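# Let's see this in three dimensions:
(2 chains)
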Amino acid sequence: MDILFNLVWRNIWRHPRRSVLNVSLIAIGLALVIFLVALTDAMHDQMLEAPIKLGTGHLQVHAEGYHDDPVISKVVDDPQAIVDVVRKDSRVVAAAKRVVAPALLSAGETSTGGQITGIEPAPEADLSIVHEHIVTGSYLQSGDGRQAIVGRQLAENLGIGVGDELVMLTQDYYGAISAEVLQVQGIFKTGIPEMDAYQVFVPLHMLQDLLVVEGVHEIAVKLSSAEYAEGFKRDLAGKLQVEQDLELMTWREILENLIRALDLDNAGMYIFLVILLVVVAGGLLNEVLMNSLERTREIGVLRALGVKPNQVRRLIVLEALFLGCVGTVIGIMLGSTASWLLSMHPIYIASWGEYAAEYGLINPYLTAKLTWINIALSSFFMLVISVLAGIVPAYRAGRIRITRALRHA
Amino acid sequence: MKMRHCFAVFLMCAGMQLPVMAITAQEIVSRSEKIMRGDTSHAVMDMTIKRAEWTRTISIEMWSEGTQKALITILAPSKEKGIKFLRIGNELWNYLPRIERTIKIPPSMMLQSWMGSDFTNDDLVKESHMEKDYDQELLREEQVNGYDAYVIQLTPKPNAPVVWGKIITWIARDRWVPLKQEFYDEDGELVNVMTMTDIKQLKDRRFPMKWVMEPSDGDGTTIIDVRKISFNEPIPESRFSLQELRR
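A predicted model of the protein is given here:
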């Protein structure tokens, strides 16, 4: 075995430039993979954070069946009791009650469909960041009557501004038409079309009166960390003592579709990365093959001296593996450093703002998130590929006929 | 010759004396419709909507003229007071006092529930006409609620603007009072049953003062109690106008 390692070492340094080139190829390839995955992980994180910050929160309480079928009559009967229980938990940062209704919104001759959400201004401001994005006018104050804040796109579509009237038509709890004239108090802009073109926020009590409901449709909860969601849900389910059947949903359950879309995105990225690694493998295979072909005569001598074919194969594979290891280590260092640097100094690109909004990102930062899984998996694949790149030439080398080889150049 | 002359005269007299014995299904339905409509009508009614979780009552006042015009005003509860519906021909408008606007209800919404009840917009403004839009067939006679009744099947005429696939109606022999109606959809499934009871003698007709509409899916019922109703009293033309809605 010792001799094998000796040979491997000497073989590698026989052509230093070639070896260095190959190690670089592996290192850069791996660094790129690690960096790209870190970038994507960070972006996906932001894409999940955005809806959470815009109102989804970390957990929601509804009447059972509301999430699948959000009809006005599915109301949580005693929301205050639930909010009281929720607020006692130290992990809770904010809890907000909401009433939600689809409505026809119209101003003058123009009408459009939208969603009206009745909120309590103070708890809502603790939970969602919409109030930070008011561009004209002001946020709702507690005690407001028929004031509303609307999304900027909606305001544009209807041709209304602060101080103008907005008519809303909807159905109440009994299925009868219910209508009200609202006054626009503020306009917000988050950049995200679903918010800016459809959402109108009004005071909770006003909407409750209009819809003739006494409870609320949703209680949203914000925790000090997203990771507490599952544990909090379990604890809350145990503590709640109400007559009604409720559903408790974590942000993962509520944003299920988004998570699936992100998984799909990941799948696409992995395919791309596999292709990248295949290219790297190709380069490596090329080098090892060339190397072994050049040493045909030498291999012939080795074989003539009694080295078995398997040992020859092992030799070649070890060379590939050695290069792979060195390259992997350097690659990990390069990729990790690049990711770490970016995460310390995220880049804010204003001109990407519009584009990013379509993906549900607000104020997007280009940053990176490094995880152990990322490093471990990527390195593992790189090593596997290194070995595989060695196997083909190794197999060929093992099949060399001694007499032929000795006659080779 | 005298014999033949006599015989001819006899035949003529006999022929003239033969009255039209069988009344047609169409006649029955036509007379029943007249009972319910009149040239004009004016009524005040309470509509009680019953569901598993709640019950509520709406009071309305309604005017109609012939088969083309109707106006409904909601009197109570206070949240809905002042809401008006106006029908002229095929068009239906809805006035909402709180927003001071009139919206036109498109034909596609005629099937939607009126104010959350089991009656549709179409039912309330009586757009479809049992005599005009359907073919009538007398099926049999039987007793309903103590009354002898004709049982008539109505099938829509082709191109008729109706929503039902079939209606079976029970009309009392005595003065053509409608007693019961079964409404079937195009697939022949029973959708609604309307029962009319509390038959009172008004000035010029007998009229059911209580209508119960019961959908067959068992969700609840809607009951209309007619408090007052009068027919053929003059109604000013201006009542059935969009301007009237805003008053």
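# pretty sure A:Ser106 contacts A:Val167?
Yes. At 4.9 Å, A:Ser106 and A:Val167 qualify as touching, with contact defined as Cβ atoms under 8 Å. Glycine gets a C-beta too; all of them are placed from N, C-alpha and C.
# Assign a three-state SS to A:Ser178, would you?
strand (DSSP: H, G, I helix; E, B strand; the rest coil).
# Any figure for the gap between it and B:Glu80?
9 Å (Cβ to Cβ, to the nearest Å).
# buried stuff in the one helix or strand A:Gly114 maps to?
Per DSSP states H and E: A:Gly114 is located in strand A:110-119. Neighbour counts over strand A:110-119 (16 or more other Cβ atoms under 10 Å in any protein chain shown) mark A:114-119 as buried.
# And stretch A:169-186, by the same measure?
A:169-180, A:182, A:184-186.
# which among those residues are in contact with chain B?
Here is what survives when these are matched to chain B using Cβ under 8 Å from any Cβ of the partner chain: A:169, A:171-172, A:174-177, A:179-180.
# check contacts around B:Ile88.
Going by Cβ atoms under 8 Å, 6 or more residues apart in numbering or on different chains, B:Ile88 touches B:68-69, B:240.
# got a pLDDT number for it?
Note on B:Ile88: pLDDT of 89.
# Show the backbone phi and psi for it.
B:Ile88 adopts backbone torsions of phi -130, psi 110, taken as degrees, to the nearest 10.
# so how many other residues sit close to residue 58?
No chain in the question, so chain A it is. The tally of other residues near A:His58 (other Cβ atoms under 10 Å in any protein chain shown) stands at 27.
# oops, I was thinking of chain B
24.
# Buried residues, the helix or strand hosting A:Tyr270. List them.
Taking DSSP H and E as the definition, A:Tyr270 sits inside helix A:256-294. Residues of helix A:256-294 classed as buried under the neighbour-count rule (16+ other Cβ under 10 Å) are A:258-259, A:262, A:269, A:273, A:277, A:280-281, A:283-285, A:287-289, A:291-292.
# ok, of the buried residues of strand A:110-119, which one's closest to chain B?
A:Ile116 (14.1 Å; Cβ to the nearest Cβ).
# how far away is that closest one from B:Arg98?
15 Å.
# Likewise for A:His67?
Applying Cβ to Cβ to A:His67 and B:Arg98 gives a distance of 31 Å.
# just A:Leu383 next, same as before
The gap separating A:Leu383 from B:Arg98 is 72 Å, by Cβ to Cβ.
# Now do the contacts for A:Gln115.
The contact partners of A:Gln115, taken as Cβ under 8 Å, 6+ apart, are A:100-103, A:198-200.
# can I assume A:Val100 is in contact with A:Gly114?
No. With contact defined as Cβ under 8 Å, A:Val100 does not reach A:Gly114; the gap is 11.3 Å.
# Number of residues surrounding whatever residue of chain B ends up closest to chain A?
Nearest residue of chain B to chain A: B:Gly116, at 2.9 Å (Cβ to the nearest Cβ). B:Gly116 has 17 neighbouring residues, counting by other Cβ under 10 Å.
# Does it touch B:Lys50 like I think?
No. Using Cβ under 8 Å, B:Gly116 makes no contact with B:Lys50, being 11.5 Å away.
# residue ranges with poor pLDDT in chain B?
B:1-21, B:126-128 (pLDDT under 70).
# Where do the strands of it begin and end?
Remark: strands assigned in chain B by DSSP state E are B:40-51, B:55-65, B:69-76, B:84-88, B:91-96, B:101-105, B:134-144, B:147-156, B:166-172, B:178-184, B:190-201, B:206-215, B:220-231.
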